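Colleague: Next one to model:
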Amino acid sequence: MHATARSVPSYRHHKPTGQAVVTLNEKDLYLGKYGTPESKEAYNRQIAEWLSNNRQLTPQADPSCLLSVSQVALAFWKHAEVYYRKPDGTQTSEVDNYRQALRPLKKLYGTTPAAHFGPKSLKAVREEMIREGWCRTNINKQVDRIRAIFKWAVAQEMIPPTVYHGLQAVVGLKRGRCEAKESEPKRPVPDAYVEAVQPFVNRQVWALIQLQLLTGARAGELLTMRPVDLDMSGDVWVYSLAEHKTAHHGHERTIYLGSRAQDVIRPFLSGRPVTAYLFSPAEAEQERHAEQREQRKTPVQPSQIVRAEKASQRQRRRPPGSRYDTEGYRRAIARACKKADEAAHEKNKEVPAEQVLVPCWHPHRLRHNAGTNIRRQFGIELARVVLGHRSAAITEIYAEADHQKAQEIMRKIG
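Modeller: A predicted model of the protein is given here:
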């Protein structure tokens, strides 16, 4: 509450930081932990000095330097938990990204006054990231997030603007000019490794794998697919996403499904409510139990079904949901890769056990498979459209150049 000509600003609770605060001349002054005798004493002192100075602040009356880096980080974290949300209310992955950025920051400078955090401090945090083995591109992204935290704190008038201006002077790490390791380039998954996991995944996960290969869609885009989202009126089905990676920028994302992709989806459409997700781990679990019962040599009793379901629920920390999330999908593929590798060793017993025959691969690499195939057949511009990129430069990352075709050209040239 701002002061009128005769009123005295009140002692208030700033909930994001747990601090006591008073607003003088439209500036928030933080006084220490709310409710403590020390903060009330600081309030009385600030009011007395402010009144004696004709209701004006003096430079030394600003105690914002008392806020530590941890207190600023906590205030930002409470903001991030609310701000970084999808339209359905669930948090985005950016919250976890900030969690990673905050770890080395609080480890080295948690108790440091936030107003004293400068370029050398940011460089020290960056060196800690290098020591922990983070790759260069990830370090640059996390440093940008730390800068964003202090920028937000400046906008809230929690720290002086000079803090953020100083941090902007720290330039990103350059390839070949720092000790940070480089990330491995993402490559398409060899077809043999994709086919190897088929016997070890359920039909829902295998359908998702096939759809990624056919459409180049991100895993998260397919996991939320419902019948109501599909326009099946034409020979090419249209899947329009309300929620996607760049929706908060006002961008649209449409995925087109040809006949092969339609054949993958069609078995999941029958008998399903139009608002239900197509690929459900709960449904996969039910199918797995039904298959186990069919393979029993003796009839299963109803009481056994009830006991088995209760036992399954007790063993799980969380029961299977109505749709996969990206982490659950990734884990399913990782487990399948491990089983496929064990099966390959069973067939090739002469191969040493430590030699990996079926490496673990991430589902996002399937997007590279699709991008490479589409680019090879139709060119990079059409690959950009299908993958949903705003720029062809981004598509270059996902669609490998066709080196074989280049070699054929050079053979003809001689």
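
Colleague: Okay, now the unreliable bits of the stretch 1-150 of the chain?
Modeller: 1-6, 58-65 (pLDDT under 70).

Colleague: now the helices for it?
Modeller: Under the criterion DSSP state H, counting those that start in this stretch, helices of the stretch 1-150 of the chain are mapped to 37-52, 69-83, 94-109, 119-131, 136-155.

Colleague: could you give me the average pLDDT of stretch 208-215?
Modeller: Averaging pLDDT along stretch 208-215 gives 93.

Colleague: any residues touching it, and which ones?
Modeller: Residues from elsewhere that reach stretch 208-215, judged by Cβ atoms under 8 Å, 6 or more residues apart in numbering: 194, 197, 201, 217, 219, 222-223, 255-258, 260-261, 264-265, 279, 324, 329, 333, 363, 366-367, 369-370, 386. All C-beta spots, glycine's among them, are computed from the backbone N, C-alpha and C.

Colleague: about what we covered before: same list (the helices of the stretch 1-150 of the chain) but as JSON lines, adding distance to residue 206 and mean neighbour count.
Modeller: JSON lines is the format used below for the helices of the stretch 1-150 of the chain (distance: least, Cβ to Cβ, whole Å; neighbours: other Cβ atoms under 10 Å):
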{"stretch": "helix 37-52", "distance to residue 206": "60", "mean neighbour count": "15"}
{"stretch": "helix 69-83", "distance to residue 206": "36", "mean neighbour count": "18"}
{"stretch": "helix 94-109", "distance to residue 206": "28", "mean neighbour count": "17"}
{"stretch": "helix 119-131", "distance to residue 206": "38", "mean neighbour count": "16"}
{"stretch": "helix 136-155", "distance to residue 206": "31", "mean neighbour count": "19"}
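
Colleague: Any chance of these in CSV with distance to residue 163 as columns?
Modeller: Below are those laid out as CSV (distance: least, Cβ to Cβ, whole Å):
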stretch, distance to residue 163
helix 37-52, 22
helix 69-83, 10
helix 94-109, 12
helix 119-131, 10
helix 136-155, 6
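
Colleague: Ok, which of those comes nearest residue 230?
Modeller: helix 94-109 (28.6 Å; Cβ to Cβ).

Colleague: Surely residue 290 is in a strand?
Modeller: No - counting by DSSP: H, G, I helix; E, B strand; the rest coil, residue 290 falls outside a strand, being helix.

Colleague: show me what contacts residue 39?
Modeller: Contacts of residue 39 (Cβ under 8 Å, 6+ apart): 11, 19-20, 31-33.

Colleague: from those, which would you call buried?
Modeller: For the contacts of residue 39, a burial check counting by 16 or more other Cβ atoms under 10 Å picks out 11, 19-20, 31-32.

Colleague: And this structure, split by domain according to the record?
Modeller: 12-66, 69-167, 198-347 (automatic domain parsing).

Colleague: Would you mind finding the most buried of those?
Modeller: Comparing the domains of the chain by mean neighbour count (mean count of other Cβ atoms under 10 Å), domain 69-167 ranks first with a mean of 17.

Colleague: Relative to the whole chain's centre, how far out is that one?
Modeller: 16 Å (Cα atoms, centre = their mean, to the nearest Å).

Colleague: likewise stretch 338-355?
Modeller: So, by Cα atoms, centre = their mean, the centroid of stretch 338-355 is 34 Å from its chain's centroid.
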